[in-house]
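Sharing a sequence plus its predicted fold:
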Amino acid sequence: MNEKSIPSINDFPLKTTEKIRYRDTDRQGHVNNAVFSTFLEAGRVELLYNSGEHLTSPGSSFVIASLKLDFLNEINWPGEIEIGTVVKKIGRSSITLEQGLFQHAKYIAQAETVIVQMNNKTRKSKPLNDFAIEKLNCFINK
């Protein structure tokens, strides 16, 4: 994505929609900042697990190594939030995702997340398998 332009949901190859719940709001009447991470999780799960074929190797899990989240605008109830997800980079054992949150086509937040595949026994990073790399390449930022 172009760094200088404001992205739209259509700039992301994977789109997910979540309903905003009344309980997501805080004392100021907007969605609590902690819920932003939950919305981002919905987009990540759609990519990593919801395709019907898990991208992890047997005996492995994905863990978040880094999450940078920039709050640009507030989210208001009621309504829906759209989550856009794109693969920014594929490493040996890691995936860097760029995500955007949108409400009524307004750019609300941006995030960059680094996810690492970890061996469940050794708790060390484990290289991504060929199947995962092939699937992730379908969602890479070109």
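Sure thing, it's come through. Residues are numbered from 1 along each chain as shown.

so what does the longest strand belonging to the chain touch, helix or strand wise?
Determined from DSSP state E, the single longest strand within the chain is strand 106-119. With contacts defined as 3 or more Cβ pairs under 8 Å, 6 or more residues apart in numbering; DSSP states H and E, strand 106-119 has these neighbours: helix 33-48, strand 60-71, strand 94-103. For glycine as for every other residue, the C-beta is placed from the backbone atoms N, C-alpha and C.

how about a cut-off of 10 Å?
Strand 106-119 sits against helix 33-48, strand 60-71, strand 79-90, strand 94-103, with contacts defined as 3 or more Cβ pairs under 10 Å, 6 or more residues apart in numbering; DSSP states H and E.

highest average neighbour count across those?
Highest mean neighbour count of the helices and strands packed on strand 106-119: strand 94-103, a mean of 22 (counted as mean count of other Cβ atoms under 10 Å).

which residue of the protein sits farthest from its center?
Distance from the centre of the chain peaks at R27, with 26.5 Å (Cα atoms, centre = their mean).
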